[in-house]
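A.B. asks: next come a sequence and a model predicted from it.
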Amino acid sequence: MKTKAKPKLAVWKFSSCDGCQLSILDCEDELLAVAGAVHIANFPEASRAVVKGPYDISLVEGSITTPHDAERIHSIRRQSKLLISIGACATAGGIQALKNFSNVKEFVSIVYATPEYIHTLSKSTPISDHVKIDFELRGCPVDKYQLVEVLNAFLNGRKPNTPHYSVCIECKRRGIVCRMVGHEQICLGPVTQAGCNALCPSYDRGCFGCFGPKETPNTSSLAEFWSKKGMGKRDLIRTFRGINAYAKEFRLESESHE
Amino acid sequence: MKTSEQSLSNAVTIERKNFDALFASLIKREYQIVGPTQRDGAIIYDIVKSSNDLPEGWAEEQNAGTMRLKRRNDKALFGFNSTVQSWKKFIHPPSQRLWQTKQSSGKPAIIPEKSKKQKLAFLGVRACDLAAMGILDKVFTDSPFTDTGYRIRRSDILVIGVNCTQAGGTCFCASMNTGPAISSGYDIVMTEIVEKSRHYFVVEKGSKVGEEIIKELPSAEANVYEIEGAEELVNKTSSAMGRKIDTTNIKELLSRNSENQRWQQNAQRCLTCGNCTMVCPTCFCTTIEDVTDLTGREANRMRKWDSCFTMDFSYIHGGSIRPSVYSRYRQWLTHKFAAWHDQFGTSGCVGCGRCITWCPVGIDVTEEITAIRMSDKNNPSITLSKENK
């Protein structure tokens, strides 16, 4: 094998909780291998040392919520060969996108003593709304195995194994008893993209939809089923309006019950 | 098929209090025993060590999209019907490595995966699930291409069948001619009988090993009343089955109804989540994932359960062949009930009802097929009556 210069990896943060960045540090066993395979050039959660761009791979965490962010993402795009947005904030606007359903100016005027100091956009939006992205990795936070898989795939020039099918498929492969059928719990698994290896169902909880809508999600069928079981409009809205509230299919479903 | 005279001479009875002798005999023969056990509010198949692990006194209430455990008013060991998943996971694992490749000095070396032989005793296999194992055998071993791993895993499995003496809420094995009585493919078959003052099993051998095991158990020759009692219970189960499918010319029915509007109506409800295919005891489709390490020096080829309800399943260059929901549901149902006949010479459905129970929104395959039959515009009998006019 030819020895190549190690690709330069940068990690960027926008409006987010840093949880996805921490998932990288959480890779533990794989972390040294990652550090061995790439040159970590910018990673605020891990080190203050910053190496100048351009970068081979940029991992972008967080959503765009300020005019400054909306500018900054373009400069990152310009410096990055590959741009991968990671996590629900970067791919769908995150939990902070709940503000997209309300009047932000009103919030600001109530909450802050000097509202004119607050420069916030009316909507929290995913990275892909602002720049071209090369790949989106879902999750809140992202799954560390999927994260390594994506880096791995890009380093080896292959397609990442990050399926778009339902959480149910992972759940059944693990032999977990269905939270809906067996326990009458609310579970977004049938409309949510796999990737977490059915984490919540394995702890006896229904899926919260952290990985966002799966391919061709039939949210209205699920909503109708729950509403026949007695779930009210308010709860239906709340069920679909979580971490991925602004992801298109979940947003349309929650709005249809308003 | 055995005549009742033959079974009269073969059948023995084993009292409940002696049932653990079966475990002892299997353990002595170095079988790992897999059987039903109660876990997470459901009955599943897993390793069992004694009759204490069996779901004594439990039954399950099943209907479309719902399953709840409930207490029985007796202490039956096999007083439930179908489990969450079938035996499929033991012979066709959800995830397995096919081979790996390593690059040490220069050329990459291919290292084939050695499938391990497993000595398992399946305790409590129902007629539907046994039929499903027969179908999987056909798919994986009885074709020009034999799945070596499957053949090895399957080669030393002892089957102890249990006849169903009650119908589950979503069962329709009688329609599919697979149950509730077990007719072949077993080493031992039992019918559990719980009376007020007696709890026993009517047991028959189905193979040489089965015969040897039975000989070791404390048993008595079954009398005609015991045998007929057992048969009567199973017959009653058949007639008590709540769901059914009319399978008359079903292949032709489904083939000429590919544009029936029922498919579109069903697509309003179908989640394409894939649960039906995962719990189906005969759905065998898999996908391949190549996994590399970060240095690119080692790669594993993994095979995982897949579902025809995913977009990737029918993905070819440029996109998926079946992007719509209705096309995917239609593919699954028509393959299972129609095209399977062409491909493997039988139906792909054994009537276990799991796809009905474990569909999160309760889509019922028996209802769907009935609806298609009712709205079949090209039904020859309808055409005939029109011509007569």
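C.D. replies: Great, that's in hand.

A.B. asks: thought B:A240 was touching B:C164?
C.D. replies: No: under the criterion of Cβ atoms under 8 Å, B:A240 is not in contact with B:C164, lying 10.1 Å apart. Yep, even glycine has a C-beta here, placed from its N, CA and C like the rest.

A.B. asks: mind pulling up the pLDDT for the residue nearest to A:K99 when sequence neighbours are not counted?
C.D. replies: If you skip the residues right next to it in sequence, A:K99 has A:S124 as its closest partner in space, 6.1 Å away by Cβ to Cβ, 6 or more residues apart in numbering or on different chains. A:S124 is assigned a predicted lDDT (pLDDT) of 97.

A.B. asks: go on, B:L271?
C.D. replies: Predicted confidence (pLDDT) at B:L271: the value is 98.

A.B. asks: check contacts around it.
C.D. replies: With contacts taken as Cβ atoms under 8 Å, 6 or more residues apart in numbering or on different chains, B:L271 has the following neighbours: A:166, A:190-191, A:217-218, A:221-222, B:360-361.

A.B. asks: which of the helices or strands spans it?
C.D. replies: Using DSSP states H and E, B:L271 falls within no helix or strand.

A.B. asks: take the contacts of B:L271 and keep only those in strands.
C.D. replies: By the criterion of DSSP state E, membership of the contacts of B:L271 in strands covers no residue at all.

A.B. asks: could you dump those residues into CSV and include pLDDT, neighbour count and distance to A:G87?
C.D. replies: Compiled in CSV, those are given as follows (pLDDT from 0 to 100; neighbours: other Cβ atoms under 10 Å in any protein chain shown; distance: Cβ to Cβ, whole Å):
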residue, pLDDT, neighbour count, distance to A:G87
A:S166, 98, 33, 20
A:P190, 98, 28, 22
A:V191, 98, 30, 19
A:P217, 98, 26, 19
A:N218, 98, 22, 25
A:S221, 98, 21, 28
A:L222, 98, 26, 24
B:P360, 98, 24, 27
B:V361, 97, 21, 30
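
A.B. asks: in TSV: those, plus distance to A:S109.
C.D. replies: What follows is those, written out as TSV (distance: Cβ to Cβ, whole Å):
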residue	distance to A:S109
A:S166	42
A:P190	41
A:V191	36
A:P217	37
A:N218	40
A:S221	41
A:L222	37
B:P360	43
B:V361	44
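
A.B. asks: just curious, which of those is nearest to B:L77?
C.D. replies: B:P360 (30.2 Å; Cβ to Cβ).

A.B. asks: and the gap between the closest one and A:A194?
C.D. replies: From B:P360 over to A:A194 the distance is 15 Å, taken as Cβ to Cβ, to the nearest Å.

A.B. asks: got it, and A:A33?
C.D. replies: Using Cβ to Cβ, which is the criterion applied here, A:A33 is 24 Å from A:A194.

A.B. asks: the more surrounded of those two?
C.D. replies: Between A:A33 and A:A194, counted using other Cβ atoms under 10 Å in any protein chain shown, A:A194 has the larger neighbour count: 25 against 16.

A.B. asks: contacting residues around the residue nearest to that one when sequence neighbours are not counted?
C.D. replies: The spatial neighbour of A:A194 that comes closest, neighbours along the chain excluded (Cβ to Cβ, 6+ apart), is A:E170 at 4.7 Å. For A:E170, the contacting residues are A:194-198, by Cβ under 8 Å, 6+ apart.

A.B. asks: out of those residues, which are buried?
C.D. replies: With neighbours counted using 16 or more other Cβ atoms under 10 Å in any protein chain shown, the contacts of A:E170 contain these buried positions: A:194-196, A:198.

A.B. asks: greatest separation within the residues you listed: which pair is it?
C.D. replies: For the buried ones among the contacts of A:E170, and using Cβ to Cβ, no pair is farther apart than A:G195 and A:A198, which are 9.8 Å apart.
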